[in-house]
Structure formats: C-alpha cells, structure tokens
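>>> with the input below, show me the fold.
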Amino acid sequence: MKFKKTHVIYGVIFLLLSCATNPFTGKKTMAFVPNSQLFPTAFAQYDQFLTEHDVINGTTDAEMISRVGQRIAVAAERWLDANGQQGYLKDYKWEYTLVKDEMVNAWCMPGGKIVFYTGILPIAGGETGVAAIMGHEVAHALANHGQQRMSASMIQQGLAFAGNAAIKDEKTVSIFNQSYGIVTTLGGMLPFSRSHETQADEIGLRLMAIAGYNPEEAAGLWKRMKANSGGQGSPEFLSTHPSHDTRIANLTKWAPGAKEEAKKFGVTSFRE
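Okay, here's the model as predicted:
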C-alpha cells in the first residue's frame, strides 16, 4: 500500500510540474513534452515533409499564403504583448508553405510551421478566406494543442498499460482493452480534439480581425466547406472536429466580438 501511495504522490507531482498555461484562457494545460524538445522535432519533420512534396514558390498564391501568415503572426504578437505575454513567441519560427496537392486541407505543426495545400484555395475563395484558415492554424500553434494531444495520448497509453498489468485474467484483459479503447476515444480523445478545434476557431477569428480581415467571412468559408463535402460527414460525437453547422453557428455568433477586439488595436475597417 505504501508503494502505491508513493507512486500516486509522484504521479501528482509530475502532473503539476508538467503543465503550461494557455495565454488565451489562462487555464493550465498538459505539457508532458516541453516545447524545448517538441519544437526542434516538429521543425525537423516539417523540413523532411517539404523535401518529399511539391512545394510552390514565387507564384501569386504562394506569396498570398506568406503575406497572410505574416499578418496573422503580427496580430498574434500584438495580442500577446497587450495581454502580458511578452516573449511568448520567442521560440516560434513561423514558416508558411504552399504545397501542390488536391487535398482540401491546411495544417500547422508545433512552433509555427504551416502548410496549405492548393486544393483548399478554391474553397478559401480569396485572401480573407485564407486568413480565416490561417488564423485557425496559427491558433493551434499558439495554444499548444499539439503538445496537449501528445500529453493526452501518453495518459491514455499509460492507463492502458497499468490496466493490463493489474488484470491477470486473460479474458478480462481482452474485455478491458476493448471497452477501454471505445470509452477513452468517445468519452475522452474525440471531445478533447473537438474542444481544440472550437478553441482554435474562436482564437483564429480574433487574430484575423486584428490582422484587418473581416471575421464575418469565416462563417462563409465553412458554408463553402460544407457544400464541398456535399453536407456529408460523421456524426459529431464520432468526429475529431465539430460539425460544419456547429462551426458556422459559432463563427457567426463570435464575429461581432472579434471586431470589438480588433478595435482595441485600432482596427476599424476590414478587408473583405
């Protein structure tokens, strides 16, 4: 019993020491892998990805991706500095790359390495749509969502290991593993992922507004996303992302607040 209590105490201490603070919410978040380790790994993976894919340079679209990314990054720094987070971005190394691929997607790695696929540009519909996507992806990086997902996965795997070690009966272990996987995925990992997507939508909306892009256009982007998918998709509770309708409703609701936030930075007119 003493052995178990000691390990529980060590576990609690580890959790307390392995936390970061989300600058946008002020809440503690899991950070089992520190950025000092996570960022260099992410940068190396990004560089490797670029060597294996068709990177587009020097075109109007590539220049637009870079321009929008730089504006969103400046908006992020302005917001962070104004809210007592000076120096928060010191280890970030922003990079914005357009890759030739029909996939309708964009992503950001921890530390600020961003890729847009050419397949998403027609749906973006122009620079403001790109800004809505860029704001969302930058928000993931700022809120350290990759770090949190990795930490959550470590907890999920650790508890599974502990359960398998504690249960001696082979049949019971099999039942545990099947049930554990379903319960932790539907009840933990998927809602966790959806909450990150929702948070990135809200933060991204603020950033695009501070950068001078009309946040009201973000809902239009997701209407086009919905149309492109044919209105199809998994039920929300089975998905890593909120439904299109949920996102459209949220972005419509949040747009006026994003404009008010931009006013604090002297931004009163917006690019459409």
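
>>> could I get the full set of helices for the protein?
With DSSP state H as the criterion, the chain has helices at 2-17, 35-51, 60-82, 121-124, 127-142, 145-166, 170-184, 190-210, 217-228, 244-263.

>>> what pLDDT, on average, does the fourth one get?
Over the span of helix 121-124, the pLDDT mean works out to 96.

>>> related to what we said a few turns ago, can you tell me which of the helices of the chain the model trusts least?
Among the helices of the chain, helix 2-17 scores lowest, with a mean of 40.

>>> backbone dihedrals for Trp94, please?
Phi and psi for Trp94, reported as degrees, to the nearest 10, are phi -70, psi 140.

>>> what about it, how many neighbours?
Neighbours of Trp94 under the rule other CB atoms under 10 Å: 20. Glycine gets a C-beta too; all of them are placed from N, C-alpha and C.

>>> list the contacts for the spatially closest residue to it that is not a sequence neighbour?
Residue nearest to Trp94 in three dimensions, not counting chain neighbours: Gly112, with 4.3 Å by CB to CB, 6 or more residues apart in numbering. Each residue near Gly112 by CB atoms under 8 Å, 6 or more residues apart in numbering is listed here: 73, 89, 92-95, 138, 141.

>>> and for Ala124?
Ala124 neighbours (CB under 8 Å, 6+ apart): 130, 132-133, 221.

>>> ok, now Leu221?
123-125, 129, 132-133.

>>> apply 7 Å and report the result again.
124, 129, 132 (CB atoms under 7 Å, 6 or more residues apart in numbering).

>>> between those residues, which sits nearest Pro23?
If you rank those by distance to Pro23 using CB to CB, Ala132 comes first, at 21.0 Å.

>>> I figured that closest one hits Glu217, correct?
Yes: counting by CB atoms under 7 Å, Ala132 touches Glu217, with 6.3 Å between them.

>>> between these two, which one's more packed in?
Legend: neighbour count by other CB under 10 Å for Ala132 and Glu217, higher for Ala132 (27 against 22).

>>> now do the contacts for the more buried one.
Ala132 neighbours (CB under 7 Å, 6+ apart): 204, 208, 217-218, 221.
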